[in-house]
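Novice: Could you work out the structure for the sequence below:
(one chain, ligands or ions: 1)
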Amino acid sequence: MKPALVVGNWKMHGTRSEAVKLATGVLEASRRNLSVEVVLAPPFTALAAVSAALRCGAVRLAAQNLHWETEGAFTGEISVSMLRDLDCRYVIVGHSERRRLFGESDAIVAKKVGAALSAGLRPILCVGETLGERRRGRTNGVIARQLRVALKGLSKSAIEKLTFAYEPVWAIGTGKNATPEQIAAVHRFVRELLRRRAGLSARACRILYGGSVRPDNAAELAAQPEVDGVLVGGASLKVGAFASIVRSFGATAV
Ligand code: PEP
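Specialist: This is a model prediction of the structure:
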């Protein structure tokens, strides 16, 4: 059984010293929750410092983004070998902020997934619909398209290395949660797609939920059998709030 996975996405927050303080606090608080896999995704500028701070513990490191080429004239970009060099284990790919604000298409997301896998990094692939798409009954269609393109050409064993994060765009940073029923329906849909696409058993890949996860709603999410963990933005910036979310998942095993 895989442990529940709780990922903190710090986005563009924190200097190196702030990041190390937060990481150290999370590391300390997580020692009591060994049944949960805890992952932190600091900004690129803090990865080295946080990597050093996490060296002696079980909390793992993720990057928030990557470029798909191995090296070259790509000003401002970061390659997989640079992330491996910093001991990153995971990388977030296809976050809705990347898709929406930086024009990342499904095809770009697919290239990033492929690059991460080829270098031994584990992608956390984000999918999710906008409010308009949900209102028009397009949720499943959008998620099916995002997954079809992102997984194109990947073998079953490659897909098994992925973690999926269902993040409805309308729930990210808005304080509005998807309901447990909405989340369960999408997670079941994703598992069914993975079964049809790659013959994966229902529990082969972890499927996280993300979107305004807080200490006061984490226990309800952790109690949902379809939810294998969470991707947390805002609430991951405070040790106490994040530790409380980790504790909520402490009693569950996927
Ligand atoms: C996110 O950025 O992936 C996210 C879910 O943010 P928040 O928890 O702040 O909604």
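Novice: what number of residues lie near Lys176?
Specialist: Residues near Lys176, counting by other CB atoms under 10 Å, number 12. C-beta here means a position set from N, CA and C on the backbone, and glycine is covered the same way.
Novice: residues contacting it?
Specialist: Contacts for Lys176 were tallied using CB atoms under 8 Å, 6 or more residues apart in numbering; they are Trp170, Gly211, Ser212.
Novice: How about residues contacting stretch 99-107?
Specialist: Stretch 99-107 has contacts (CB under 8 Å, 6+ apart) with Gly94, Arg98, Val109, Arg145, Gln146, Val149, Ala150, Val169.
Novice: Setting aside sequence-adjacent positions, which residue approaches the residue in the chain positioned nearest to the ligand most closely?
Specialist: For the chain and the ligand, the shortest gap (CB to the nearest ligand atom) falls at Gly233, measuring 2.2 Å. Excluding its sequence neighbours, the residue lying closest to Gly233 (CB to CB, 6 or more residues apart in numbering) is Asn9, at 5.1 Å.
Novice: Give me the phi and psi for the one you found.
Specialist: In terms of degrees, to the nearest 10, the main-chain angles of Asn9 are phi -100, psi 100.
Novice: Strands of the stretch 51-200 of the chain, residue ranges please.
Specialist: Under the criterion DSSP state E, counting those that start in this stretch, strands of the stretch 51-200 of the chain are mapped to 60-63, 90-93, 122-127, 163-166.
Novice: Give me the buried positions along the first one.
Specialist: Using 16 or more other CB atoms under 10 Å as the burial criterion, the residues of strand 60-63 that qualify are Arg60, Leu61, Ala62, Ala63.
Novice: Bridged to the second one, which residues?
Specialist: The one in question is Leu61. Counting by DSSP bridges, Leu61 forms beta bridges with Leu40.
Novice: What does the pLDDT read for it?
Specialist: Per-residue confidence (pLDDT) for Leu61: 98.
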